[in-house]
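Novice: Sequence first, then the predicted structure, then my questions.
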Amino acid sequence: MFNRKSHVLLAFFLVNLLLVGLLFVHARVVQQKNRVSFLEKRKIVKELQLTDLCIFTDARYTRHPSMADSNTPFQDHPLSLEHFPSGSLMVLPPHLRPHGNE
Amino acid sequence: MTMSAFEKHRHVIDFTLSSLLRRKGKNFSLLAVYTFVIFLVASVMFLTHSIKEDAYMVLTDAPEITVQKLMAGRHDLIPLSYMEPIREIRGVQSVEPRLWGYYFDGTNKANYTLVVKKEMNNTPGAISVGNGVARNLLVKENGIIPFKAYDGSYLFLKIKDVFSSESELVSSDLILISEQDFRKIFAFPPDVATDLVLRVRNPRELTTIATKINQMFPDTRPILREEILRTYEAVFDWRGGLVIIILWGAALAFVILAWDRATGLSAEEKREIGILKAIGWETSDVLLMKFWEGAVISFSAFSFGLLLAYAHVYFASFILFESTIKGWSIIYPQFRLTPFVSIYQIATLFFLTVVPYTVTTIAPSWRAATIDPDMVMRA
Amino acid sequence: MIFHGPILGLLLGSLLVSFMLVYSAFYAVQILLRWDMRSGSEIQLGLERRTYLISVLITYALGFQLLSLFLFIYTADHLAPLFVGAMCAAGSLNVNPWGYPTIVLKIVNFILGAVWLVINFTDNRAWDYPLIRKKYALLLCIAPLILAETIFQTAYSAGLHPNIITSCCGTLFTADAAGVTSGIIALPPIPLAVTFYTLMGATLICGVYYRRAGKGVTLFSILSSLTFLASGVALISFIPLYFYELPTHHCPFCLLHKEYLYVGYALYLAFLGGVISGLGVGILKPFSGVESLKGVVPGIQRRLALASLVSNGISLLIVVYGVLSSNLILLD
Amino acid sequence: MIRLNEIRKVFNTGKPNEFVALQGINLTIEAHRAVALTGPSGSGKTTLLSILGCMARPTAGRILLGDREITSLPERFLTEIRRSTFGFIFQQYNLIKGISVLENVMIPAYPTGEKHASLKERATKLLNLFNVGSKADSKPEWLSGGEAQRVAIARALINNPSVIVADEPTAHLDTRLSLELMAILKDLKEEGKTLLIASHDPIVHSSEVVDRVVAMRDGQMQ
């Protein structure tokens, strides 16, 4: 079977495709598994009437981006350098940017 | 495809592979860089996509409309007297005040989100904390946290329970507190709330209701849940200057490397192609070989990069990007994202990486393929 | 402008394809001006070599075009939640006037590119390259269309302003009034269904007749092109109705969704395959008289006709299956 | 039969370093004969050989292969003719390093899409014919000069050409190996192959195999 390099390549391609296919399967399985914790999170959101995810906690406008206001100094800087790494990963909410929704 | 064309491809693949393997050092270093670029781009894509999906799924139960009051363009506390007229609007199911705010813990330099939960009003002095807060303060259930109120006095609140670590994506920095304690800590006037949240019976009426609120109270800003979801969608479409600059820097370096590798044919390679052409290979046969060369390298790099990125984001908790996301926050939510893979992401990744790589190799391949066959005789 | 991975990918892809086409067009001009098969001069030898490069460039460009067509539709679909009133790609393509023209250009360019490759393939079988000027003249026509597509697509992307939390004073609600209409004009399904089936049937019969008797090339080619146009119209009039089982949902793009088992991809590819090979048969007809192509053209035409028959057969099967298995019954 | 008519080859046309490699070449090569081209280096032997062997196209003039005019055939078709009509033996052997001797012999037939098994069988047969069958799996860099030469001949024969083109085939061989080579060429000629040899080696000129010697100087026949 593997006496020709083209056979080896074919096998290599197939193994890789299989592995990539497994990613899809894995993602599916984990999605199913996480359903419970999703429901828990949704319950918290519903009970506490939350509007934002807790991903960046370093600045107020990154913690609650949808509820952000404009009284934090420097946050309308183009790169939101007040809190550099997350501030630049997380764009400033559009209503705080000089050109609105662009 | 006829049988002989198929056999021809196999022959060419045989030869291409031996030719690639003969230049191991060069080709493996190319493969490594290529894989790394794909890995980076794919990691960012997986990460942002999962956060978006999570936001979408978790926030579907967020309040339909949030009403903020504005004062001179700033977020202001909303009078509770606004509630009654809003409740009168047709289609509004309920209106509730929300009391929440940020509490900066000076000793730990961490920022918490304090949220009033009605049920806690019966047990003043007790709080529930997010797992991130507990981790940061090294406290457990029944532990006591001192809060410095705005009048300078101290409040000692007892932890009743801690949120599960699974829920950190929404609860990591939360502290649930009773209304009495909340108003005491912030010296919060009794007749106002942070904002108002509405439940609406018919989703089609959302915009109408929002418009009515806006007409009734021109100093308010109604925020729709759909807008929040859309904004999350837009915000996480990776615009992150840092990430993009790094990625494009890496991509550029890679393209230069690819270009250099592809253009700089060594004398040995030139001679080899010359021989092939002299003994009966046609230009398009050499082009076919170059096509397979690119296909093997691109395919390998693509699948390795994809697999590594998946492992990185979903198994290793995006360790390479951790500091980027963490920023200076003291409370760093530890959440495992739910994996999402789609053909769409893969196609996007293909366009961002394989297409430019392939384009840079076309001309050099052609240049190699059109070497004069009599070159080997003249040399 | 949306900084969105797929959009960046599409823009990058289009830019590269345009670059490849412009480069090819530059040498197309050289070939039109200076090609002289009888000469063994270095200029001629150089130009002959360039033709290899151009073939490769166009082949890759065509592959990218096909992928980008689907990626574009999919992206439009994916972006729909960002726009108030857009339910799927049909709506988000209508966000600004560039969306639909981009799609149309993408399809036209793909077909033209494929036809070019058919001509190129045929020409390369003849020792004197008899079609060289014609094919490079055609290339000069395709290049501006590709550029136009890139410009349209860029304009479309640049004009995407998602309805996100836009302001503090409720401008969103005025924007909503002029929001996205769902875009696809409903066409009367029954007459169009009749037209579609008639043309499709005629094409298949004519194709079989051509394969048997070797006659009717022109008619077959014209019929396949008409069938393609009819399929396009059918895709926004009656085909989706059966798949969605909704008498009002005319969107041809939702067929690409998982709910419908991605049947849209097969259908689109089959329609495209049918028109390309059908057109190819007709395009080659005038060249069957060329001395050096006499032995080559009929064989290629027969293979193309077969491909066209297979593609059209597959699309017909898919449509018929959709109609028969549907719970929807159209009454006019 | 190959006929050359007023062949002219110019390199770097129109540039200051323009160089006329061949001029006014008229030559007919009969089938089943052996022709040797001789002359000092730079006399145009190799250029003429590459034009004869369909590797390069002349700047002007006409070439007839049998009764087919091939002068202005594009590379695509010229290669096909070259592959099926000509087998090449080079001065440097020009075997490809790093792949097996067997593969080296098979490579010229790859573009034809012949079945791998049958191709392999033919290649093995040829190697055995030239007594290098035992080296099939070794790499060419480990072969001796004589072995390499014989592998190169096997490779030249894989597509069963009617004409063998050899460029200075004895340049790296000692007398014994040169004579051995001429014996192999003699066998090939007896099998009905046409031989075209460029060489300034007297062993070649004086060999009984060679029917005709064409002397060249400054791109012209003498």
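Specialist: All right, it came through fine.
Novice: hey, let's count contacts and neighbours off CA atoms from now on
Specialist: Fine.
Novice: Now do the strands for the chain: every range, in order, please.
Specialist: I'll assume chain A. Using DSSP state E, no strands are found in chain A.
Novice: You answered for a different chain; I wanted chain D.
Specialist: Going by DSSP E, chain D shows strands at D:2-11, D:19-29, D:34-38, D:60-65, D:68-69, D:86-89, D:163-167, D:194-198, D:212-217, D:220-221.
Novice: would you turn those strands into a markdown table with mean neighbour count?
Specialist: Output for the strands of chain D, formatted as a markdown table (neighbours: other C-alpha atoms under 10 Å in any protein chain shown):
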| stretch | mean neighbour count |
| --- | --- |
| strand D:2-11 | 18 |
| strand D:19-29 | 17 |
| strand D:34-38 | 23 |
| strand D:60-65 | 20 |
| strand D:68-69 | 10 |
| strand D:86-89 | 27 |
| strand D:163-167 | 25 |
| strand D:194-198 | 25 |
| strand D:212-217 | 17 |
| strand D:220-221 | 20 |
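Novice: CSV for those strands, including distance to residue C:296?
Specialist: Conversion of the strands of chain D to CSV gives the following (distance: least, C-alpha to C-alpha, whole Å):
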stretch, distance to residue C:296
strand D:2-11, 27
strand D:19-29, 32
strand D:34-38, 37
strand D:60-65, 23
strand D:68-69, 19
strand D:86-89, 26
strand D:163-167, 29
strand D:194-198, 32
strand D:212-217, 41
strand D:220-221, 41
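Novice: what bits of chain C have low per-residue confidence?
Specialist: C:1-3, C:162-187, C:330-332 (pLDDT under 70).
Novice: Sorry, wrong one. I was asking about the stretch 201-350 of chain B.
Specialist: B:234-250, B:252, B:256, B:259-263, B:323-331.
Novice: Check what pLDDT residue 26 gets.
Specialist: Here I'm looking at chain A. The model reports residue A:26 with a pLDDT of 94.
Novice: could you do chain D instead?
Specialist: So residue D:26 comes in at 92 (pLDDT).
Novice: Quick check: chain neighbours aside, which residue is closest to it?
Specialist: The shortest distance from residue D:26 to any non-neighbouring residue, by C-alpha to C-alpha, 6 or more residues apart in numbering or on different chains, is to residue D:5 (4.7 Å).
Novice: And residue B:225, by the same measure?
Specialist: Distances taken as C-alpha to C-alpha, 6+ apart put residue B:64 closest to residue B:225, at 4.9 Å, once the chain neighbours are dropped.
Novice: What count of nearby residues applies to that neighbour?
Specialist: Per other C-alpha atoms under 10 Å in any protein chain shown, the neighbour tally for residue B:64 reads 22.
Novice: Tell me if I'm right that it and residue B:198 touch.
Specialist: Yes - Residue B:64 lies in contact with residue B:198 (C-alpha atoms under 8 Å); the separation is 6.1 Å.
Novice: and residue C:226, what is it in contact with?
Specialist: Contacts here follow C-alpha atoms under 8 Å, 6 or more residues apart in numbering or on different chains; on that basis residue C:226 touches residue C:199.
Novice: Next, find the distance separating whatever residue of chain D ends up closest to chain A from residue D:132.
Specialist: Residue nearest to chain A within chain D: residue D:116 (9.7 Å; C-alpha to the nearest C-alpha). As judged by C-alpha to C-alpha, to the nearest Å, residue D:116 and residue D:132 stand 20 Å apart.
Novice: before we move on, what about residue B:223?
Specialist: In terms of C-alpha to C-alpha, residue B:223 sits 84 Å off from residue D:132.
Novice: And residue D:157, by the same measure?
Specialist: From residue D:157 to residue D:132 the distance is 14 Å (C-alpha to C-alpha).
Novice: Which of residue D:116 and residue D:132 has more residues huddled nearby?
Specialist: More crowded of residue D:116 and residue D:132, by other C-alpha under 10 Å: residue D:132, with 21 against 16.
Novice: Residue D:169 versus the closest residue in space to that one that isn't next to it in sequence, what's the distance?
Specialist: Leaving aside its sequence neighbours, residue D:132 sits nearest to residue D:147 (C-alpha to C-alpha, 6+ apart; 6.7 Å). Distance, residue D:147 to residue D:169, using C-alpha to C-alpha: 13 Å.
Novice: Who has more neighbours out of these two?
Specialist: residue D:169 (23 against 17).
Novice: list the contacts for the more buried one?
Specialist: With contacts defined as C-alpha under 8 Å, 6+ apart, residue D:169 is in contact with D:89, D:90, D:91, D:197, D:199.
Novice: Can you tell me which member of those has the lowest pLDDT score?
Specialist: Here the lowest pLDDT out of the contacts of residue D:169 sits on residue D:91, with 86.
Novice: okay, now residue C:34: neighbour count?
Specialist: Neighbours of residue C:34 using other C-alpha under 10 Å come to 12.
Novice: Identify the residue spatially nearest to it, adjacent ones excluded.
Specialist: Nearest in space to residue C:34, with sequence neighbours left out and distances taken as C-alpha to C-alpha, 6+ apart, is residue C:44 at 7.6 Å.
Novice: Tell me which stretches of the stretch 51-200 of chain B form strands.
Specialist: In the stretch 51-200 of chain B, the strands defined using DSSP state E, counting those that start in this stretch lie at B:65-71, B:74-76, B:78-79, B:92-98, B:100-105, B:110-116, B:126-129, B:144-148, B:154-162, B:174-177, B:192-193, B:195-200.
Novice: Point out the most buried one among these.
Specialist: strand B:174-177 (a mean of 26; mean count of other C-alpha atoms under 10 Å in any protein chain shown).
Novice: Adjacent strands (with direction) for it?
Specialist: Strand B:174-177 pairs in its sheet with strand B:110-116 (parallel), strand B:126-129 (antiparallel), by DSSP bridges.
Novice: care to break the chain down by domain?
Specialist: No chain in the question, so chain A it is. As given by automatic domain parsing, the domain ranges for chain A are A:5-48, A:60-96.
Novice: right idea, wrong chain: chain B
Specialist: The record's domain parsing of chain B by automatic domain parsing lists B:3-58+B:236-378, B:64-223.
Novice: so which of the ones you listed gets nearest residue C:97?
Specialist: domain B:3-58+B:236-378 (23.4 Å; C-alpha to C-alpha).
Novice: and the end-to-end length of that closest one?
Specialist: End-to-end distance of domain B:3-58+B:236-378: 37 Å, with C-alpha to C-alpha as the criterion.
Novice: How about the backbone phi and psi for the closest residue in space to residue D:84 that isn't next to it in sequence?
Specialist: Once flanking residues are discounted, residue D:84 sits nearest to residue D:161: 5.5 Å by C-alpha to C-alpha, 6+ apart. Phi and psi for residue D:161, reported as degrees, to the nearest 10, are phi -80, psi 160.
Novice: Where does chain D get nearest to chain C, which residue?
Specialist: Residue nearest to chain C within chain D: residue D:59 (4.3 Å; C-alpha to the nearest C-alpha).
Novice: List the residues that contact that residue.
Specialist: Residue D:59 makes contact with C:39, C:40, C:41, C:42, D:7, D:8, D:9, D:10, according to C-alpha under 8 Å, 6+ apart.
Novice: Any idea how many residues pack against the third one?
Specialist: Residues lying near residue C:41 (other C-alpha under 10 Å) number 19.
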